[in-house]
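J.: Model the structure of this input:
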Amino acid sequence: MGSIFKPKIPSLPPPAPPPEPPEAEISPEEKEIIAKEQAAIRRRKKGKSSTILTGPLGIQEDEEDKLETLLGKK
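T.: Got it, this is the predicted structure:
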């Protein structure tokens, strides 16, 4: 009896064909731009890692650096 009160659902149209993929060829100018961007990213990563003073074994400073105070070395 439930099928009497439910409307029939029309079938869906077939999906559209997928678009063609873009060409994989990159011009020399685009290659140069990409290389510059990647070099800048590497520089920024290197700069950040050089400021970190700790490593897997703890603080990575010399004994002499530990002796420094606000007034100078002891």
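
J.: Can you tell me the SS state at residue 22?
T.: Reducing the assignment at residue 22 to three states with DSSP: H, G, I helix; E, B strand; the rest coil gives coil.

J.: can you map out the helices along this protein?
T.: 2-5, 28-49, 63-66 (DSSP state H).

J.: how about the ones you listed in a markdown table, adding mean neighbour count?
T.: For every residue, glycine as well, the C-beta is placed using N, CA and C. Formatted as a markdown table, these follow (neighbours: other C-beta atoms under 10 Å):
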| stretch | mean neighbour count |
| --- | --- |
| helix 2-5 | 6 |
| helix 28-49 | 10 |
| helix 63-66 | 8 |
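
J.: between these, which gets the lowest average pLDDT?
T.: Mean pLDDT is lowest for helix 63-66 among those, at a mean of 60.

J.: hang on, the earlier thing: can I get the helices of the chain in CSV with distance to residue 14?
T.: Output for the helices of the chain, formatted as CSV (distance: least, C-beta to C-beta, whole Å):
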stretch, distance to residue 14
helix 2-5, 27
helix 28-49, 37
helix 63-66, 71
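
J.: who touches stretch 32-39?
T.: In this structure, residues lying in contact with stretch 32-39 by C-beta atoms under 8 Å, 6 or more residues apart in numbering are residue 26.

J.: Looking at the helices of the chain, which is nearest to residue 22?
T.: Residue 22 lies closest to helix 28-49 among the helices of the chain, at 12.4 Å (C-beta to C-beta).
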